[in-house]
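Asker: let me see the structure of the following:
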Amino acid sequence: MGSTLVVIEGDIAEAVCAEPVIRAIALKIQDHGQITVCHEHADLYVGHPAAATVAYDELELSAVKYQTVLRLSNAEGCEGFRDKVHTMARQAGLELTQDLPQLSLSGFDMLRMQRFGISSVRQPRIAIAPGSGLDVSQQALWQQTQQSLGGKLQCGFVLLADSRLNWTADKNLSGKLMARETAAVISQCDAVITAEKAYAAMALAVNVPVVLLDIQGSIRWDREFEGIVPIMELSADAILSAMSSTLCND
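Answerer: Sure thing, here's the model as predicted:
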């Protein structure tokens, strides 16, 4: 039986956007081989029906021989999520009919997530993921926006970030979660507000609407997946306007 190694190059957004491609590869080879997914955040593919095994670094695979090795990467200047998916599909020699990323979370993921106390956060439950490397003034703007939005919506906030952020939220999980845990937490929220494409991609893949800060206007929104709505400035009014087509219609 042949085996296929799929090495995903890039960050979490690329790891998520590769999912429809991996699903299509599995359908193509069906019972004639197995797929190993390799990425720093390969935990996103644990238990995925298309992935037999996962690896977090190619060094783990030095003693294993694969019949086929595919490298999926994001082309330079390809910023949109749908564009990422189809760029990687072309690299695998595939045309996709189903291109929406889907992460396979299990009951065990939900059970593990309970230890973070997400269910205690009132609804509407909104995940805030401001991004990394923010200076003091940028952090202050995010906090002010969160406070203003909370006053208007009477919602609960879950704070997400790669590293620890020392500001108040109903549940501050910044710097605490692995990628799969983050996806599970997001799946229990009603919306995500973020400047980070990694968080937006995970929300897309667990069917949670996203308000994405796109100050540079780098994404072609006319061909983007539904459920991701851009804002060009960070403010409670801009977020509320965006939510009128996402959260308020769900």
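Asker: and the one residue sitting closest to the centre of the chain, how far from H41?
Answerer: By C-alpha atoms, centre = their mean, the chain has its centre lying nearest to M202, at 1.8 Å. With distances taken as C-beta to C-beta, to the nearest Å, M202 is found 10 Å from H41. In this view, the C-beta of every residue, glycine as well, is placed from N, C-alpha and C.
Asker: overlap in contacts of these two?
Answerer: Jointly contacting M202 and H41 under the rule C-beta atoms under 8 Å, 6 or more residues apart in numbering are I12, A179.
Asker: tell me the buried residues in the longest helix along the chain?
Answerer: Determined from DSSP state H, the single longest helix within the chain is helix 136-153. The neighbour-count check on helix 136-153 (16 or more other C-beta atoms under 10 Å) flags L141, W142, Q143, T145, Q146, L149, G150, L153 as buried.
Asker: what about that helix, average pLDDT?
Answerer: For helix 136-153, the mean per-residue pLDDT is 92.
Asker: quick check: next helix or strand after it?
Answerer: Later in the chain than helix 136-153, the nearest helix or strand by DSSP states H and E is strand 156-159.
Asker: quick check: neighbours of that following strand in the sheet, parallel or antiparallel?
Answerer: Sheet pairing here is set by DSSP bridges, and for strand 156-159 it gives strand 125-129 (parallel), strand 171-172 (parallel).
Asker: remind me which helix or strand A50 belongs to.
Answerer: Short version, using DSSP H and E: A50 is in no helix or strand.
Asker: with distance to A161 as new columns, can the buried residues of helix 136-153 be given to me in JSON lines?
Answerer: Shown next, in JSON lines, are these (distance: C-beta to C-beta, whole Å):
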{"residue": "L141", "distance to A161": "15"}
{"residue": "W142", "distance to A161": "10"}
{"residue": "Q143", "distance to A161": "13"}
{"residue": "T145", "distance to A161": "15"}
{"residue": "Q146", "distance to A161": "13"}
{"residue": "L149", "distance to A161": "17"}
{"residue": "G150", "distance to A161": "18"}
{"residue": "L153", "distance to A161": "21"}
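Asker: max pairwise distance over these: which two?
Answerer: The span of the buried residues of helix 136-153, defined through C-beta to C-beta, is set by L141 and L153 at 18.1 Å.
Asker: mind listing what the nearest residue to I219 once chain neighbours are set aside touches?
Answerer: Once flanking residues are discounted, I219 sits nearest to G80: 4.6 Å by C-beta to C-beta, 6 or more residues apart in numbering. When contacts are counted by C-beta under 8 Å, 6+ apart, G80 touches I219, R220, W221, R223, E224.
Asker: could you rerun that using 6 Å?
Answerer: By C-beta atoms under 6 Å, 6 or more residues apart in numbering, G80 lies in contact with I219, R220, E224.
Asker: are any of those residues buried, and which?
Answerer: The neighbour-count test (16+ other C-beta under 10 Å) marks I219, E224 as buried among the contacts of G80.
Asker: closest to K176 among the contacts of G80?
Answerer: Ranked by distance to K176 (C-beta to C-beta), the contacts of G80 are led by I219 at 28.8 Å.
Asker: so that closest one sits right up against E79, yeah?
Answerer: Yes: I219 lies in contact with E79 (C-beta atoms under 6 Å); the separation is 5.1 Å.
Asker: count of neighbours near S132?
Answerer: S132: 13 surrounding residues under other C-beta atoms under 10 Å.
Asker: tally of neighbours for the residue lying closest to it once chain neighbours are set aside?
Answerer: Sequence neighbours aside, D162 is the residue nearest to S132 in space, at 5.2 Å (criterion: C-beta to C-beta, 6+ apart). Residue neighbour count, defined by other C-beta under 10 Å, stands at 18 for D162.
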